[in-house]
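Visitor: Predicted model follows, preceded by the sequence.
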Amino acid sequence: MTIGVPTETSPGERRVSIVPAGVGALVRAGCAVRVSAGAGLQAGISDADYEAAGAVVVPDRGSVFSEADVIVQVRGGGANPDSGMADVELLREGQVLIGFLEPLSASAEIQALADRRATACAMELIPRTSRAQSMDALSSQANIGGYKAALMAAEYLPRLFPMMMTAAGTITPAHVFVVGVGVAGLQAIATCKRLGAVIQAYDVRPAVKEQVQSVGARFVELELDTAESEGSGGYAQAMDEQFYAKQREMMARVVSENDVVITTAAVPGKPAPVLVTEDMVKSMNPGSVVIDLAAERGGNCEITEPGKTVVKHGVTLVGELNLPSTVPFHASQMYSNNIVNFLKLMINDGALDATVDDDIVQGATVTRDGEIVNELVRSVLDGTG
């Protein structure tokens, strides 16, 4: 079996799907690996590194698609709106595609994958179970996003994060409010704590209170009915607009008291809920910072401009997209481990069985034999989910 690693073509994407250590693991499992020339350069990985690990470096992306049985990407199909469809058209019947695919929103690309009779596995759909933790790419990349959000906040804020007692006077610590306490939020809290800030955090799921406290933040409790706030797999699920309106009203005071607000709230396959209004931003002190990690899905802040950093009402609003790609070496390393562990579920003596009876493989598989086989994806795309 041959595994292909093409150069990523999504704008600004610097990660690569497999790193040399992953190549070595796959070669030991009996697979051959083809890598596009230059695929790892933006992540700090040379072609020579791949060759030393046992991969064959090929001169162009087209050769990778034509020679490989399995294509592994960071952003494929609908996750690469600029040229993902062009890649889909390179796939042949029975070929396997693995990567982030945006299966719950990119209906045209998913249908095209089915029409090509390719088997497509979406890393977004890896089940959130204990056995699947080593394959959970959403979590591995969110970890990096939360870390980088904290560093960006410290960079943009015209204050120091830690308390300092100096001969020139005492510096009071910065106050940070983290909204949404999933993997990214917890890492943002932990990193801000290491930098010396005082942190508050809020999540619609009250069950995360102990996690917030364990990494050094105070959990903000709002008097809201959150019984239906957690969906399957531990993800937050969308609430109605009346709930969000009341939530925003109760959060306004907390936002105004903080120097930094980091928002991470997302609902899989849907636009990000608006949690920070323009009026809240106006209430913040001049020089304050909002880091909106949900910018790629529209943003948790009402006046975020996705892909831009702007100053409005004296507050710096950071809508940076794809933060994991700004730390491409380690983001690629973690993603590669996720991919390799996932592939190992399907590899037996160098051959791949994409129909293996495994709940993780079946949960992540979107298309096979000309059909959309994932029930969740099918129900969302036809409007019944």
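Guide: Great, that's in hand.

Visitor: Helices of the protein, start to end?
Guide: 20-28, 47-53, 61-67, 84-88, 107-115, 137-156, 183-194, 209-214, 241-256, 278-283, 328-344, 359-364, 375-381 (DSSP state H).

Visitor: Average pLDDT for the last one, rounded please.
Guide: Model confidence over helix 375-381, given as mean pLDDT, is 89.

Visitor: and that helix, how far from the chain's centre?
Guide: 21 Å (CA atoms, centre = their mean, to the nearest Å).

Visitor: Tell me which of the helices of the chain is the most buried.
Guide: helix 183-194 (a mean of 24; mean count of other CB atoms under 10 Å). Bear in mind the C-beta positions are built from the backbone N, C-alpha and C, glycine included.

Visitor: what's the average pLDDT for that one?
Guide: So the average pLDDT for helix 183-194 ends up being 97.

Visitor: Who are the packing partners of it?
Guide: helix 137-156, strand 175-179, strand 198-202, helix 209-214, strand 260-263 (3 or more CB pairs under 8 Å, 6 or more residues apart in numbering; DSSP states H and E).

Visitor: rerun at 6 Å
Guide: helix 137-156, strand 175-179, strand 198-202 (3 or more CB pairs under 6 Å, 6 or more residues apart in numbering; DSSP states H and E).

Visitor: Can I get it in CSV? Just the C-alpha atoms.
Guide: The C-alpha coordinates for helix 183-194 follow below in CSV (Å, rounded to 0.1, in the frame of the first residue of the first chain):
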residue,chain,number,x,y,z
VAL,A,183,-9.4,22.0,24.8
ALA,A,184,-8.4,25.4,23.4
GLY,A,185,-9.9,27.3,26.3
LEU,A,186,-8.1,25.1,28.9
GLN,A,187,-4.8,25.6,27.2
ALA,A,188,-5.4,29.4,26.9
ILE,A,189,-6.1,29.5,30.7
ALA,A,190,-3.0,27.4,31.5
THR,A,191,-0.7,29.5,29.3
CYS,A,192,-2.1,32.8,30.6
LYS,A,193,-1.6,31.5,34.2
ARG,A,194,2.0,30.6,33.4
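
Visitor: what's in contact with that helix?
Guide: Helix 183-194 is contacted from outside by 139, 142-143, 145-147, 149-150, 176, 178, 199, 201, 215-217, 262, 264, 293, using CB atoms under 6 Å, 6 or more residues apart in numbering.

Visitor: could the helices and strands packed on helix 183-194 be laid out in TSV, adding distance to Asn338?
Guide: Formatted as TSV, the helices and strands packed on helix 183-194 follow (distance: least, CB to CB, whole Å):
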stretch	distance to Asn338
helix 137-156	4
strand 175-179	25
strand 198-202	26
